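Novice: next come a sequence and a model predicted from it.
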Amino acid sequence: MIRINLLPVPKVRKREALILQAVVGLVALILVTIGCYFVTISKQSEVTAKHAEIARKQRDIDELKAKVGEVEKYKTQAQNLEQQLGVIRSLEKSRNGPVKLMDELTEIVPRKLWITNYKETNKNVSLEGLAESGPVIADFLDALKASKFFSNVQLSAVTAADQNGNKMHKFTVTVAVKYDI
């Protein structure tokens, strides 16, 4: 048999249940508030850590920009040095040509012939000198024509000259020179 209690519940019991629900609700509210507080603190520490990481990365970027600036400066210096080396190489090449040319000239000048004046303008050389005889001058001209450094050999003038009581032949020769051999 089923029994049903139809008697009214006393107000005290209702009030106790209501107080119990209020206490449980208040405790739950306090726990949620404490949880929210800890979550907020946790998130704030994460934000602070992210800001510190951003600041550190920004410093790294600034350092790298400074290094890139130094690298660019070194690249510019390297280009300048490369240009200077190019100039030095061309000067070195140009220097070797005249040295070799003068060496060749000393080899082909015959005995009893003296060069008294050497003048170069725009790769054209005017040679003035003295020789004991015409055949010596002819030998010199043939040697100039056979040389790889000289071309377009032209005898401009031959005159008689007296040098310290000796009869000499004064001559002028124009030639074109080639250094890039």
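Specialist: Received it, and whenever you're ready, just let me know what you need. Note that this is a predicted model, so its numbers are computed, not measured. Residues are numbered from 1 along each chain as shown.

Novice: output the contacting helices and strands for the helix ranked longest in the chain.
Specialist: The residue-count maximum for a helix in the chain (DSSP state H) belongs to helix 11-108. If you count contacts as 3 or more C-beta pairs under 8 Å, 6 or more residues apart in numbering; DSSP states H and E, helix 11-108 packs onto helix 134-146. Backbone N, C-alpha and C define where each C-beta goes, glycine included.

Novice: now do the buried residues in the very next helix or strand once past the helix it packs on.
Specialist: Sequence order places strand 150-163 as the next helix or strand after helix 134-146, per DSSP states H and E. For strand 150-163, a neighbour-count test (16 or more other C-beta atoms under 10 Å) marks 150, 153 as buried.

Novice: what does the next helix or strand after strand 150-163 rub up against?
Specialist: Using DSSP H and E, the helix or strand that follows strand 150-163 in sequence is strand 166-177. The contact list for strand 166-177 (C-beta atoms under 8 Å, 6 or more residues apart in numbering) reads 101, 120, 123-134, 136-137, 140-141, 144, 149-162.

Novice: one more: stretch 137-151?
Specialist: Outside stretch 137-151, the residues that touch it by C-beta under 8 Å, 6+ apart are 100-101, 104-105, 108-110, 113, 125, 131, 153, 155, 158, 169, 171, 173, 175-179, 181.

Novice: one more time with 6 Å, if that's ok
Specialist: Residues outside stretch 137-151 that contact it (C-beta atoms under 6 Å, 6 or more residues apart in numbering): 101, 104, 108, 110, 113, 131, 153, 171, 175-178, 181.

Novice: and which of the residues you listed is nearest residue 49?
Specialist: Using C-beta to C-beta, residue 181 is the member of the contacts of stretch 137-151 that lies nearest residue 49, at 74.0 Å.

Novice: look up the pLDDT of that closest one for me, please.
Specialist: Note on residue 181: pLDDT of 61.

Novice: please apply the same query to residue 87.
Specialist: 89.

Novice: burial check on it, number of neighbours?
Specialist: Neighbourhood size, residue 87 [other C-beta atoms under 10 Å]: 10.

Novice: can you check residue 176 too?
Specialist: Residues within reach of residue 176, counting by other C-beta under 10 Å, total 14.

Novice: which one is it nearest to, not counting chain neighbours?
Specialist: Nearest non-adjacent residue to residue 176, counting by C-beta to C-beta, 6 or more residues apart in numbering: residue 152, 4.3 Å away.
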